[in-house]
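J.: Give me coordinates for this.
(2 chains)
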Amino acid sequence: MPSDAIPSRRPRSEHWVAPLEETPLQAVDAADTTTAPRSLWGDALHNLIRNPIFVISALLILFVLFVAAFPQVFTSQDPRFGDLSRANQPPGSEHPFGTSRQGYDIMARTFWGARTSVVIGFFAMIGSTLIGGVIGALAGYLGGWFDEVISRVTDIFFAVPLILGAIVVWTRLGEMNVVTVVLVLSVFGWTNIARIMRGSVISTKSQDFVTSSVALGASRSSVLLKHVIPNAIAPVIVTATVNLGVFIVAEATLSFLGVGLPTSSVSWGGDISDARDALRTQPSMLFYPSVALAITVLSFIMLGDAVRDALDPKARKR
Amino acid sequence: MTTTATTPEPAGSTAGPAQPLLEIRDLEITFTTSSGLVKGVRSASLEVYPGETVAIVGESGSGKSTTAMAIAHLLAKNGSITGGQILFEGRDITHVSEKEIRVLRGDQVGLVPQDPMSNLNPMWRVGSQIQETLAANGIAKGAEARTRTVQLLEEAGLADAERRAQQYPHEFSGGMKQRALIAMGLAARPKLLVADEPTSALDVTVQQQILDHLDTLTEELGVAVLLITHDLGLAAERAQHLVVMYKGQVVESGPARELLQNPQHPYTRRLISAAPSLASRRLVSAARRAEVRERAREHAHEEHPVSADGDRSPAEGATSDAVIQVQNLSKSFPIRGSVPWRSTPFLAVDDVSFEIERGTTTAIVGESGSGKSTVAQMMLRLLEPTSGRVLFEGKDVTTYSGQALKTLRRRVQPIFQNPYGTLDPMYSIFRTIEEPLRLHGIGDAKSRETKVRDLLDKVALPSEMMRRYPNELSGGQRQRVAIARALALDPEVVICDEAVSALDVLVQAQVLELLNDLQGELGLSYLFITHDLAVVRQIADSTLVMEKGKVVEQGTTDEVFHSPQQDYTKRLLAAIPGGSIPLAGAEMIEVDAPEVAPEDEQTDATGPGSEDEGPIDPFASAGHV
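T.: Down below sits the predicted model:
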C-alpha cells in the first residue's frame, strides 16, 4: 500500500520531467543491424588476435613447426654424423652450439630433434583426443549404466601413470619406434580428455536448445553430433592444446629414461639424457636441447591458456 | 536539466528536517569496454529523505542498479564515477577513500542484493554470516553477536530463528534466504537500505510477504529505502516517490500516484501502458477471437484433411472441438530416501485433466514447484507420464514413438523460458530457423530460405538478422527467433513454458502482442505456462490454477479473476503488485486476500475503457464448465 499515512519529510514532492529532446524515446527492442555479424568462433578469433600471449605463442609455434618441417634450412650438418675426432668441442664458428661427446653437431641435433618431438606430440594429441573425446561424449550423453562402466574404466586408466604404462609396454616390446610411442602415449593419455568431454557434454545436454531440438523432432544421434558436441568441444580443444606440450615432455622423458625411441633416433629427450654427465664440462650440450624443449612446451601451454580465455563463456559479449 | 529545483536552498537547510539523507546530483558513470568508453549513467539526480521509500524504476540496462551501486562504491571494475556528486547527509562521498566508504557501507548504508540464491556463502552457516557482518562493523562479538543474530533473524520474520541460524543456505528456501539477507542488510541499523530487486527471483505470494515485512520493519526503524525494481506496479505500491530511468538518464520523477496517473514523459507512459500488473486486459476482443477460432478450425481441416491414414483423422470419440485433451495425467519422481536403495515417490503432477480448444489460449498458473512445467513436458513427450493420457485430436499420443512421434512433434511446438539458453549459440539465426525444416525434409535449400525470410518477417525481425548469431541479439529478439523456429513447421499447438517471464515489461508486452497476432493470423492454440497472473490476464481465454501438483481451480480467465473460488487463487491474485492502484484506462482487480474477512466483493468487472469486453467471455466459456 502506498503509505500516505507516513508523513514524508520531503519538503514538497514535485513532479519533474526530463526535457524530451535530451531523452529521446527509441523503439522497443530495436534490432541492431549496423555491426558486422560475428559467430562465436569469429568472436573468439577476434579476441585472440588482440591477445599478446596468443600472438607470441602462435609465432613461436609457427617457428617450431617450420623447424620441424625444414630443419635443413637452419643447419647443413647431418645430425647422425658422429666423428669422435671432433668430440667435446666448445661452441665455435664451425659448430655454433659445439659438439657432443660422440662428436655430433649439437645445433644440427637440436633443430632435427624438433621434428621428432612435434610429430610425436601432434599425433599423440590427435590419438588421445579421439579416444577420450568419443568415450567421454558417449558416457556423458548416454548416461546411466554405460556412464558408470566407462567412468570406472577411465578411473583405472587414470590410475596408471603415463610413464609407468610406457615402461611396461617397452619391457614387453623391447624396442619402440615413433608409431609405438604415439600409440602408448594415446592409450595412456586420453583420460583427462574423456573426463572433460563427459562433464562438458553433461552440462550442455541439459540446456534448453538441446531440449528444443528434441522437441523439433531431431534424433538422439543428430542432437549429439549437431548440437551437443559443437557446444561442448571448447574445453576439450584447450586441454588438447596443453596436452600437446605434455606429450612432448612425456616423449622426452621416455627417451631420457631410455625406454622411448632408440638411441639411434634424434630426439631432445635422448640428447638431454646424454648430456647429463657432461653438465659441468660442457653445459652447452644440455642447454640447447633443454631450451628448445622448454620453448616448445611453453608456447603450446600458453596457446592453450589464450584459447581458454577467448572461449570463456563469461567473456562473451551478449 | 537536473532536479536542482527540488533541492532545498542551502541556507538553513542543514538543521531542518528537509535535509535529504541521500542526494545524487548529475551523476555520470562511465564504463571502459572493448568498444571504448560507454556512459552507463548520465546526469542522474535523485534525493532520498529520511524514513521514506524511493523507488528507481526502469528496464534492464537503464542504469538503475548502477546508480544504486555507485552510492556504496560497488561498481564493476571497469566502471567509475566521472561526474556529479553523491551526498550522504550533506557530506560528499563521491570520491572518499576505500576505508571511509567501508565504514559507511556497514554503518549507514545497508544493502539487500538481487539474487538470494548466490549471495549467501554455501559453505557457512547463515548465522555465522550475519555474525561476521556484526563483527566487521564492530557492533557485537562472540556470544553477544550470536544473540543479536537470532534477534535480527526473528526481526526479519524467520520462524524458529535460533535453529535457523545454525543451518546452511541450502536448507533455506528462496524467500528465507532473502529474509536472511534483509537481516544482514539491517544488522548495523543503517539509515538507508538499498534494495536491488530484492524479490524478483521469488514467487508473488512470497514477494508480497517479504515486502510487507520490509515495509513494517523499515517504518519501525525509520530506515529510508531505495528500492530498485523493474516492476512499476510494485514500485508504485511500495514507494512514496518514484524515479523513472531510461537509457542511463532520469526521465521523470515525482510522487508515486501522481506519476502513475499523470505521466508526462512518453517513456513513462509507455511503461505504464505495458506494465501487465497495472493495465491487464485480454489483448483482443471476444468477437475478434471467435473469428480466430473459426479460422483455426478451417485451417485444421485444410491442413490435415480426413484421410485414409487413420492416424491423422480425428477420432470419432472426440466430442468437443478440443485439439488437446489431457486426462488424469500424473507424474511421480523417485526421491532419494534415508537409505540409498529405498526411494519415496514424489507426486509432481497429480491427476490433472483439462482440454485446449482449437484457436484458444489456455494458461496454467502456479508458483514454482506446482508441477505446471512438468505437465508441459509430458504434453511435449519430453517426459513419460506415470499415468494418464494426452489426446491430440482424440488420439492418445503417450504411446507414440518413431515416425508417429516425429509427426506429432511437427504439430505441437514448444517455446521455452530462457531466451539465452533456447538457441544454439553455434548456429546462425538462419540455421536455427531452418533446422526444423531440414529435420522434417521440407522443401529445398531455396524454398527453405524463402520460408525463413517469411518467418523472420512474421516475428518483426529484419531478414538481415539471418546471418547473425544468438549472442548478438537481445533477450526479446532471441525469444522472437524461438517463436519463428516454433512456427516453421506450421504447428497447431504451441506450448509456451514461461516464454515471456525473463523479459523486460516493454519487451514482454511486445512479445505477447506478437503471439496474440500470430494466433489470429495462423489459428494457433496456445498453452501458456506461467507464474505471472498478470500475463495470464492479457493472453489467456481459460485458466487453470495449480498448487502442489493438483489443479485447484479451473475456468475462464474472467471467472478465475473476478470470482475466484479457492483461497489459493485469491492469495495469488491479491499478491499481484500494484493490482489495486487506480489508473486511468485500466481495469482494476480487487480481490480480498483470504486472511482478511471478505466484507464486500468490490469486483469491478467492467472498468473504464473496457467496453469491448463483456464481463464473461462468451467464447471461452463455450467449452468450459
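J.: Show me what from the stretch 401-550 of chain B comes close to chain A.
T.: B:405-406, B:409-410, B:413-414, B:416-418, B:420-426, B:428, B:435-436, B:439-440, B:461-462, B:464-465, B:467-469, B:471-474, B:476-477, B:482, B:485, B:489, B:506-507, B:510 (C-beta under 8 Å from any C-beta of the partner chain). C-beta: built from backbone N, CA, C; applies to glycine.
J.: Stretch B:247-258 and chain A in contact?
T.: Yes: Stretch B:247-258 reaches chain A (C-beta under 8 Å from any C-beta) through B:247, B:249, B:250, B:251, B:252, B:253, B:254, B:255, B:256, B:257, B:258.
J.: mind putting those in TSV, neighbour count, distance to residue A:22 and pLDDT included?
T.: Shown next, in TSV, are the residues of stretch B:247-258 next to chain A (neighbours: other C-beta atoms under 10 Å in any protein chain shown; distance: C-beta to C-beta, whole Å; pLDDT from 0 to 100):
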residue	neighbour count	distance to residue A:22	pLDDT
B:247	19	11	86
B:249	21	7	88
B:250	31	11	90
B:251	25	9	90
B:252	24	12	90
B:253	27	15	90
B:254	22	18	89
B:255	19	23	89
B:256	25	24	86
B:257	16	26	83
B:258	15	22	85
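J.: Put the buried members of the residues of the stretch 401-550 of chain B next to chain A into a PyMOL selection.
T.: Only the buried entries of those go into this PyMOL selection, using 16 or more other C-beta atoms under 10 Å in any protein chain shown:
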select buried, chain B and resi 406+409+410+413+414+416+417+418+420+421+422+423+424+425+426+428+435+436+439+440+461+465+468+469+471+472+473+474+476+477+482+485+489+506+507+510
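J.: So which of the residues of the stretch 401-550 of chain B next to chain A belong to helices?
T.: B:405-406, B:409-410, B:435-436, B:439, B:476-477, B:482, B:485, B:506-507, B:510 (DSSP state H).
J.: Nearest to residue A:309, out of those residues: which one, please.
T.: residue B:477 (27.5 Å; C-beta to C-beta).
J.: and the gap between the closest one and residue B:370?
T.: 30 Å (C-beta to C-beta, to the nearest Å).
J.: what's the answer for residue A:191, then?
T.: Taking C-beta to C-beta, one finds residue A:191 at 44 Å from residue B:370.
J.: Which of the two has more residues huddled nearby?
T.: residue B:370 (25 against 22; other C-beta atoms under 10 Å in any protein chain shown).
J.: would you say the more buried one is within a strand?
T.: No: secondary structure of residue B:370 (DSSP: H, G, I helix; E, B strand; the rest coil): coil, not part of a strand.
J.: Residue B:49 is in contact with residue B:20, correct?
T.: Yes: counting by C-beta atoms under 8 Å, residue B:49 is a contact partner of residue B:20 at 5.3 Å.
J.: I'd assumed residue A:255 was in a helix, is it?
T.: Yes: applying three-state DSSP, one finds residue A:255 inside a helix.
J.: What sits closest to it if chain neighbours are left out?
T.: Sequence neighbours aside, residue A:269 is the residue nearest to residue A:255 in space, at 3.0 Å (criterion: C-beta to C-beta, 6 or more residues apart in numbering or on different chains).
J.: What segments of the stretch 1-150 of chain B are helices?
T.: B:64-71, B:98-107, B:126-136, B:142-155 (DSSP state H, counting those that start in this stretch).
J.: among those helices, which is nearest residue A:143?
T.: Closest to residue A:143 of the helices of the stretch 1-150 of chain B, according to C-beta to C-beta: helix B:126-136, at 34.4 Å.
J.: I'd like the distance from the spatially most central residue of chain A to residue A:158, if you could.
T.: Central residue of chain A (C-alpha atoms, centre = their mean): residue A:241, 1.0 Å from the mean position. Per C-beta to C-beta, residue A:241 is found 20 Å from residue A:158.
J.: State the phi and psi torsions of the residue in chain B that chain A sits nearest to.
T.: Of all residues in chain B, the one sitting closest to chain A is residue B:254 (3.4 Å; C-beta to the nearest C-beta). Per-residue torsions, residue B:254: phi 170, psi 180 (degrees, to the nearest 10).
J.: quick one, what contacts the nearest residue to it once chain neighbours are set aside?
T.: Spatial nearest neighbour of residue B:254, excluding adjacent residues (C-beta to C-beta, 6+ apart): residue A:15 at 3.4 Å. By C-beta atoms under 8 Å, 6 or more residues apart in numbering or on different chains, residue A:15 lies in contact with B:252, B:253, B:254, B:255, B:258, B:259, B:262, B:264.
J.: coming back round to it: tell me the helix or strand right after the one helix or strand the residue nearest to residue A:255 maps to.
T.: Residue A:269 is part of helix A:268-275, with elements assigned from DSSP states H and E. Under the assignment DSSP H and E, the closest C-terminal helix or strand after helix A:268-275 is helix A:283-311.
J.: The helix or strand encompassing residue A:130 - contacts with which helices or strands?
T.: Taking DSSP H and E as the criterion, the element that holds residue A:130 is helix A:106-142. Helices and strands touching helix A:106-142, by 3 or more C-beta pairs under 8 Å, 6 or more residues apart in numbering or on different chains; DSSP states H and E, are helix A:52-69, helix A:144-159, helix A:178-189, helix A:191-205, helix A:229-257, helix A:268-275, helix A:283-311.
J.: Please name whichever of those is nearest to residue A:93.
T.: helix A:283-311 (14.5 Å).
J.: What mean pLDDT does the closest one get?
T.: Mean per-residue pLDDT for helix A:283-311: 86.
J.: list the buried ones in it?
T.: Those would be A:284-290, A:292-293, A:296-297, A:299-311, for helix A:283-311 by 16+ other C-beta under 10 Å.
J.: name the helices or strands packed onto that helix?
T.: helix A:40-48, helix A:52-69, helix A:106-142, helix A:229-257, helix A:268-275.
J.: can I get the ones you listed in CSV with mean pLDDT?
T.: Converted to CSV, the helices and strands packed on helix A:283-311 look like this (pLDDT from 0 to 100):
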stretch, mean pLDDT
helix A:40-48, 79
helix A:52-69, 91
helix A:106-142, 91
helix A:229-257, 87
helix A:268-275, 83
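J.: what's the closest of these to residue B:207?
T.: helix A:229-257 (34.6 Å).
J.: name the helices or strands packed onto the closest one?
T.: Helix A:229-257 packs on helix A:106-142, helix A:162-173, helix A:178-189, helix A:191-205, helix A:268-275, helix A:283-311, going by 3+ C-beta pairs under 8 Å, 6+ apart.
J.: Taking helix A:283-311 as reference, get the angle to the fifth one.
T.: It stands for helix A:268-275. Relative orientation of helix A:268-275 versus helix A:283-311 (axes from the mean of the first three to the mean of the last three C-alpha atoms, to 10 degrees): 150 degrees.
J.: chain center to helix A:268-275, what's the gap?
T.: 24 Å (C-alpha atoms, centre = their mean, to the nearest Å).
J.: With the last one instead?
T.: The chain centroid and the centroid of helix A:283-311 are separated by 11 Å, computed with C-alpha atoms, centre = their mean.
J.: what's the answer for stretch B:257-264, then?
T.: Using C-alpha atoms, centre = their mean, the offset of stretch B:257-264 from its chain centre is 24 Å.
J.: What residues of that stretch count as buried?
T.: Applying 16+ other C-beta under 10 Å to stretch B:257-264 flags B:257, B:259, B:260, B:263, B:264 as buried.
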